[in-house]
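Student: my questions concern the predicted model and sequence given below.
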Amino acid sequence: MAIYIDEKICKGCKLCIHFCPNNVFQMRNKINNKGFVIPDVVNESKCTKCKLCELTCPDLAIFVE
C-alpha cells in the first residue's frame, strides 16, 4: 500500500490530518515549491485505506493506492 501526496499542489490545509482516524499524517517542516508547509505520511502502517484523506482533500493532492 502507498499514500501519495502531490507536493506541487498541496496547500497545507491540514484536512487530511483532521479527518484521518488513525493519525497517519503529521505536519513537519516540509515546504513545497509554492511555500506551503505540507503534511507528511508518518504512520503508513496504520492506514486502513478508508480514503477519508483522499475524499476531503480540496485540491485532490492525496491518492491512496
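Tutor: Thanks, I have it. Residues are numbered from 1 along each chain as shown.
Student: buried residues of the helix or strand of the chain with the lowest mean pLDDT, list them for me.
Tutor: Every helix and strand of the chain was ranked by mean pLDDT, DSSP states H and E. The lowest is strand 25-31, at a mean of 93. Neighbour counts over strand 25-31 (16 or more other C-beta atoms under 10 Å) mark F25 as buried. (Each C-beta comes from the backbone N, C-alpha and C, glycine too.)
Student: so what touches it?
Tutor: The contact list for strand 25-31 (C-beta atoms under 8 Å, 6 or more residues apart in numbering) reads 7, 12, 14, 16-17, 37-43, 53.
Student: can you tell me which of these are buried?
Tutor: 7, 12, 16, 38-39, 41, 53.
Student: residues near the residue lying closest to C13 once chain neighbours are set aside, how many?
Tutor: What sits nearest to C13 in space, not counting adjacent residues and going by C-beta to C-beta, 6 or more residues apart in numbering, is P58, at 6.5 Å. Neighbourhood size, P58 [other C-beta atoms under 10 Å]: 8.
Student: so which helix or strand takes in P58?
Tutor: Using DSSP states H and E, P58 sits in no helix or strand.
Student: distance of it from K11?
Tutor: 8 Å (C-beta to C-beta, to the nearest Å).
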